[in-house]
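Student: The sequence and its predicted three-dimensional model are supplied below.
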Amino acid sequence: MPELLMRVRASRKLRATAACSIGAAALLAIFAAPASSRVGEATPPMVGTPATATLVGTINMADLPPPTTSNLGGLPFLVPDPAAYAAAKAAPSGGAAPEAAIPSVAPTLTPGVALSGAINFTTSMCGCTPPDMAVAVGNGFKMQQVNLAGRIWDANNNPGSVFSLSSFYGTGGDFISDPWLFFDQASQRWFGGLIDISSSSERLAVSTSSSPTTFKLYNVPQGAPGSCGDQGKIGVSDLVVAVSTNIFSNFCNGSFLGVRITVLNKAELVAGLPTIDMAAFGPMTKYFSLVPAQSMSATSTQWYAGVNAGTSTLAHIVKTDGVPPAAVTMAEPFTPTIKRVSDPPNAQQKGTSTLLVTNDSRVNNVVWQSNSLIFTDGTGCVPGGDTTVRSCVRLLAVNTSTGTKTIDKTRSQLGAYLFFPAVQMDPAGTIVLGYGRSSTSLFPELDARPSDPTGVFGAKKVLVTGTAPNTTNRYGDYFAIAIDPSNTAQAWVAGEIGGGTWNTAVRQVTLSP
């Protein structure tokens, strides 16, 4: 904390006077990225446009009311090219090699306690669908946010009351969607984000302590009035918090304009200052769902990963360096070739002819640890021994010091559909992959699978089974995983399960080694 506050003071002094007592060398030490992160850059860096986020209020969790049915709107699934997406879903193609036998040295995953009271269609008081998923764990607490509702569990896994996200984010009657959550171990703060479509902004909540009891709320503009930042995702590194959104025109009723990246001064956010320095990039039409990483070990560089939706054989590995109000630069040092991904087919399920919508091949979430950038997406593939294209999940990893692709593996199952993969990594390097699964003999369920840092997978485990088919015509749009900083061999996996309208589930797993 003292170091973070020192950086706040340094940034304020830098703006206040040119005769700052901090010398050039000290400024470089604070704001510049390590030289090693510049190796192999493939594109010249861009410089972000300076801007600010503003404090809009402070909320105490004890004061929040329950959700109501006053905001029932839900966003449609937004894609860059609706015609191309429809064509891809109608005629998907792809292939995957049969899964290899599990070696004896593969990591293992043991399911543990499931949280009672995970938010569902009824408790959310929201007729909207699908249940966009967010989960965070820190200092014994667990928090889930889904659509327009949230809930916190204590260290003994006792659930608190369901609260309204419009009250949590201070958005009133605005049209809101797509919550995102994480606990940052380095700063001991909870971060939450949600798009405010009515105000063309992302709302950012930052806890005032290591407990999720009181939060500062910030308004982070996402372009001109009418711009809509769909599926906002939030990442963090040592010095900045990054927000990435897919910008659509006309309050998300218009065309795709590109990805917008917003980089905010983390120390100022942690200190709860009334004005937060930030730098903005875009919208950039080159990218789609360029997702910022949650950094799990120390780095002054903020990393991002994306795979353009549709059919692609390239991954975009992007980084930003610098801390606002100093210059922030963005570059794409690596664009590795990957196995072909394609929009997956919708999934069959038990008990109905209604298919689960599996969305497209965009990246869902990204983590970074010790020069390894790990991310997931969905794809179409033909499992080994199958003759039908199924929805499958892809796990990728790139070494950010060399640009070397270290994992590029598709997970599939004969006769079944896998969808909405989420990923995390514990400090020992064990990866946990969470995803949904269904088939003509399975209601949609939540599964998880471990992997070592090279992509050697252990056995799949069923975490929570579905109880009925989902007939809402939407699913997902994304799942979530959080590592428990109090016991880093444990992760909490959250996702949707089948249950008529929609249900969610959150279950703890233990990783070994």
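Tutor: Structure's in. What do you need?
Student: quick one, what contacts the residue nearest to Gly272 when sequence neighbours are not counted?
Tutor: Nearest in space to Gly272, with sequence neighbours left out and distances taken as Cβ to Cβ, 6 or more residues apart in numbering, is Lys216 at 4.7 Å. C-beta: built from backbone N, CA, C; applies to glycine. Applying Cβ atoms under 8 Å, 6 or more residues apart in numbering, one finds that Lys216 lies in contact with 55, 57-58, 205-208, 269, 272.
Student: Tell me which residues of stretch 161-169 come out buried.
Tutor: By neighbour count, with 16 or more other Cβ atoms under 10 Å as the criterion, the buried positions of stretch 161-169 are 162-169.
Student: Which one of these is nearest to Asp377?
Tutor: Minimum separation from Asp377 among the buried residues of stretch 161-169 (Cβ to Cβ) is found for Leu165, which lies at 26.5 Å.
Student: I figured that closest one hits Leu148, correct?
Tutor: Yes: look at Leu165 against Leu148 with Cβ atoms under 8 Å: they come within range, at 5.0 Å.
Student: what stretches of the stretch 51-200 of the chain score poorly on pLDDT?
Tutor: Judged by pLDDT under 70, the stretch 51-200 of the chain has its weakly predicted residues at 69-73, 93-100.
Student: at 90 instead, please
Tutor: In the predicted model, the stretch 51-200 of the chain carries pLDDT under 90 at residues 67-75, 88-105, 124-129.
Student: ranges for the helices of it?
Tutor: For the stretch 51-200 of the chain, the helices defined by DSSP state H, counting those that start in this stretch cover 82-90, 165-168.
Student: Dump the ones you listed into JSON lines; add distance to Pro336 as well.
Tutor: Below are the helices of the stretch 51-200 of the chain laid out as JSON lines (distance: least, Cβ to Cβ, whole Å):
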{"stretch": "helix 82-90", "distance to Pro336": "23"}
{"stretch": "helix 165-168", "distance to Pro336": "37"}
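Student: okay, the closest residue to Thr49 other than its chain neighbours: pLDDT?
Tutor: Among residues not flanking Thr49 along the chain, Ala280 sits closest, at 4.9 Å (Cβ to Cβ, 6+ apart). At Ala280, the model reports a pLDDT of 98.
Student: show me the contacts for Ala280.
Tutor: Residues counted as contacts of Ala280 (Cβ under 8 Å, 6+ apart) are 48-49, 51, 221, 260-263.
Student: Out of those residues, list just those in helices.
Tutor: Using DSSP state H, no member of the contacts of Ala280 falls in helices.
Student: filter these to the buried ones?
Tutor: Buried members of the contacts of Ala280, scored by 16+ other Cβ under 10 Å, are 48, 51, 221, 260-263.
Student: What residues are bridge-paired with Ser439?
Tutor: On DSSP bridges, the residues paired with Ser439 through beta bridges are Leu442.
Student: Any idea how far apart the tips of stretch 344-361 sit?
Tutor: End-to-end distance for stretch 344-361, by Cα to Cα, to the nearest Å: 7 Å.
Student: How far off centre is that stretch?
Tutor: Going by Cα atoms, centre = their mean, to the nearest Å, the spacing between the C-alpha centre of stretch 344-361 and its chain's C-alpha centre is 22 Å.
Student: For the residue nearest to Thr49, pull up the helix or strand it's in.
Tutor: Applying DSSP states H and E as the criterion places Ala280 in strand 275-284.
Student: in its sheet, what does that strand sit against?
Tutor: Note on strand 275-284: by DSSP bridges, its sheet partners are strand 49-60 (antiparallel), strand 256-265 (antiparallel).
Student: Tabulate the CA atom coordinates of the helix or strand that the shortest one is followed by in CSV.
Tutor: For strand 256-265, the succeeding helix or strand toward the C-terminus, using DSSP H and E, is helix 266-271. Taking only C-alpha atoms (Å, rounded to 0.1, in the frame of the first residue of the first chain), the coordinates of helix 266-271 have been written out as CSV:
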residue,chain,number,x,y,z
LYS,A,266,-4.4,1.5,-10.3
ALA,A,267,-2.9,3.4,-7.4
GLU,A,268,-5.4,6.2,-7.8
LEU,A,269,-8.2,3.7,-7.8
VAL,A,270,-6.9,1.9,-4.7
ALA,A,271,-6.6,5.3,-2.9
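Student: For helix 266-271, list every residue counted as buried.
Tutor: For helix 266-271, a neighbour-count test (16+ other Cβ under 10 Å) marks 266-271 as buried.
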